[in-house]
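A.B. asks: Model the following, please.
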Amino acid sequence: MITIEIDFSRAKPVGDRHHRRNTDFRWTGAAEPYGEIELWAGNVPRVATVTATGLPAVEVRYPDSARNGPLPLDERTTMTIDGVVVRITSGRGLAKKDRALRIEVGERSYTYLVTGTNVEELRDGDGNPLVEVKRLRGPKPIKLIIAPTARPEALALALALLMVDSKLTVTRAALSGALKIFDSGQGEPG
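C.D. replies: Numbers count the residues shown, from 1 in each chain. Modelled structure (predicted):
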């Protein structure tokens, strides 16, 4: 299997003072068929974008601007790829495959799941791996391995999922569920 690797590096925010203050994070990387790729997430409003010349435009929005870090992935999160609304449902269970995200983009379906420590994978509807995401420590925190059969839409989707809190591990899912009662009055304690 031939793969294309993209190493992302943290980059300084650019633009005017307001834009720099609003930037939560900005990562850049390059890959031959896709050109320069930029991942950007802002705080007010909570918006994340993927931009590259060879990829479809991706935007993720979340209405609550009181948080920093990855955008939460829940019923209020909206994601679009080239104007097409992405439908994401989260599985609940203890097995890795049961916790996977089920994703529909138009007529195509995908699955996003944890396959190892700090390793996540985007698969097509038939279960074939398309993009492997490795989260690393150090100056280059993200490494993507892209299968040659992956469409640009799949890579753009995998990049967008880097900027959301997918709660794919048991610990993160349990902690998120336990703390949800304290989140913006969405639940009632006890």
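
A.B. asks: Helix or strand for residue 41, just tell me which one.
C.D. replies: Assigned by DSSP states H and E, residue 41 falls within strand 35-42.

A.B. asks: buried ones in that strand?
C.D. replies: Using 16 or more other CB atoms under 10 Å as the test for burial, strand 35-42 gives 37, 38, 39, 40, 41, 42. From N, CA and C alone the C-beta is placed, and that goes for glycine too.

A.B. asks: how much space between the closest residue to residue 73 other than its chain neighbours and residue 81?
C.D. replies: Excluding the flanking residues, the one nearest residue 73 by CB to CB, 6 or more residues apart in numbering is residue 164, at 4.4 Å. Applying CB to CB, to the nearest Å, the value for residue 164 to residue 81 is 14 Å.

A.B. asks: Ok, residue 89 next?
C.D. replies: From residue 89 to residue 81 the distance is 17 Å (CB to CB).

A.B. asks: try residue 136
C.D. replies: 26 Å.

A.B. asks: Of the two, which one has the most company?
C.D. replies: residue 81 (22 against 12; other CB atoms under 10 Å).

A.B. asks: what's near enough to touch the most centrally placed residue in the chain?
C.D. replies: Computing the C-alpha centroid of the chain and ranking residues by CA atoms, centre = their mean puts residue 161 first, at 1.3 Å. Residue 161 is in contact with 101, 112, 120, 122, 133, counting by CB atoms under 8 Å, 6 or more residues apart in numbering.

A.B. asks: Put the alpha carbons of stretch 116-128 into CSV.
C.D. replies: These are the backbone C-alpha positions of stretch 116-128, laid out as CSV (Å, rounded to 0.1, in the frame of the first residue of the first chain):
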residue,chain,number,x,y,z
GLY,A,116,-4.5,2.2,19.1
THR,A,117,-2.9,4.5,21.6
ASN,A,118,-3.1,8.0,20.0
VAL,A,119,-4.0,6.5,16.7
GLU,A,120,-7.4,7.1,15.0
GLU,A,121,-8.6,5.9,11.6
LEU,A,122,-11.1,7.0,9.0
ARG,A,123,-12.6,4.1,7.1
ASP,A,124,-15.0,4.0,4.2
GLY,A,125,-18.4,2.4,4.3
ASP,A,126,-16.9,-1.1,3.6
GLY,A,127,-14.4,-0.8,6.4
ASN,A,128,-11.3,-0.1,4.3
